[in-house]
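> prediction below, plus the sequence it came from.
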Amino acid sequence: MVARYKALVPQDQSLPAIWLISDARNDAVLEAALRRLPRGSGFIYRHYHLAERDRFARYVALRRIARACGHTVVLADSALTATEWRADGIYGAPRTLYPRRRGLLHLATAHSMREIALSNQFGSDAVLISPIFRTNSHHGGKVLGAARFRLLAKHSKAPVIALGGMDSQRALALDWPHWAAIDGLS
């Protein structure tokens, strides 16, 4: 599905512009949030807080809604699990995405120049650079800020998705085409 989509759509448009990321904090509103997203957005399912059986059941329910809305569904897990669960791709640290699996979108996380280099080395399809702004996920933690984010993004060979304290207003102010959020979209 991903390869077919990329062949039909110009490269700069091959990724969804907006990505919703699941978390324990937004679990209660995910159904509504998925339905509110523009058609063809992305959904990254994490839900690390659930036991495996519950995690899978919740994934199936959310995947059904996401697919009905035309969203790309990416799983934070191994390529094997993503294939078994019928996800469109995998999400994680650059090393966890290797070796590449045909037919899966590979989304890497990066917080530093070193992780950008690893993402480039392992051939990620996109990189989520974070945290740009203050976020509930890293409450009180160090943030990159817009200037450092742009510096890191400049070194990525793959398209960059802005993450960390993002919402529609911050995405507009940052003037970045691809962005993701947990709280900012739910």
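Received the coordinates, thanks.
> in the chain, which strand is the longest?
When the chain is scanned for its longest strand (criterion: DSSP state E), the result is strand 105-110.
> got the contact list for it?
With contacts defined as CB atoms under 8 Å, 6 or more residues apart in numbering, strand 105-110 is touched by 2, 44, 72, 74, 88-94, 97, 100, 115-116, 118-119, 122-130, 152, 156, 158, 161. Glycine gets a C-beta too; all of them are placed from N, C-alpha and C.
> so what's the residue count around Q169?
9 (other CB atoms under 10 Å).
> just R46 next, same as before
18.
> roughly how far apart are it and R148?
24 Å (CB to CB, to the nearest Å).
> repeat that for V127.
According to CB to CB, V127 stands 14 Å off from R148.
> repeat that for W179.
Applying CB to CB to W179 and R148 gives a distance of 16 Å.
> more neighbours, these two?
Comparing W179 with R148 by other CB under 10 Å, the one with more neighbours is W179, at 24 against 15.
> can you select the buried ones from the contacts of strand 105-110 in PyMOL?
A single PyMOL command selects the buried members of those (16 or more other CB atoms under 10 Å):
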select buried, resi 2+44+72+74+88+89+90+91+92+94+97+115+116+118+119+122+124+125+126+127+128+129+130+152+156+158+161
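> mind checking the SS state of I161?
On the three-state scheme (DSSP: H, G, I helix; E, B strand; the rest coil), I161 is labelled strand.
> can you give me the strands for this protein?
With DSSP E applied, the chain shows strands at 18-21, 42-45, 72-75, 89-92, 105-110, 126-129, 160-162, 179-181, listed in chain order.
> mind giving me JSON lines with the ones you listed and columns for mean pLDDT?
Converted to JSON lines, the strands of the chain look like this (pLDDT from 0 to 100):
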{"stretch": "strand 18-21", "mean pLDDT": "97"}
{"stretch": "strand 42-45", "mean pLDDT": "98"}
{"stretch": "strand 72-75", "mean pLDDT": "98"}
{"stretch": "strand 89-92", "mean pLDDT": "97"}
{"stretch": "strand 105-110", "mean pLDDT": "97"}
{"stretch": "strand 126-129", "mean pLDDT": "98"}
{"stretch": "strand 160-162", "mean pLDDT": "98"}
{"stretch": "strand 179-181", "mean pLDDT": "96"}
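> turn those into TSV, columns for distance to N136.
Compiled in TSV, the strands of the chain are given as follows (distance: least, CB to CB, whole Å):
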stretch	distance to N136
strand 18-21	12
strand 42-45	16
strand 72-75	21
strand 89-92	19
strand 105-110	17
strand 126-129	16
strand 160-162	16
strand 179-181	11
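> out of these, which gets nearest to D54?
Among the strands of the chain, strand 42-45 comes nearest to D54, with 12.8 Å by CB to CB.
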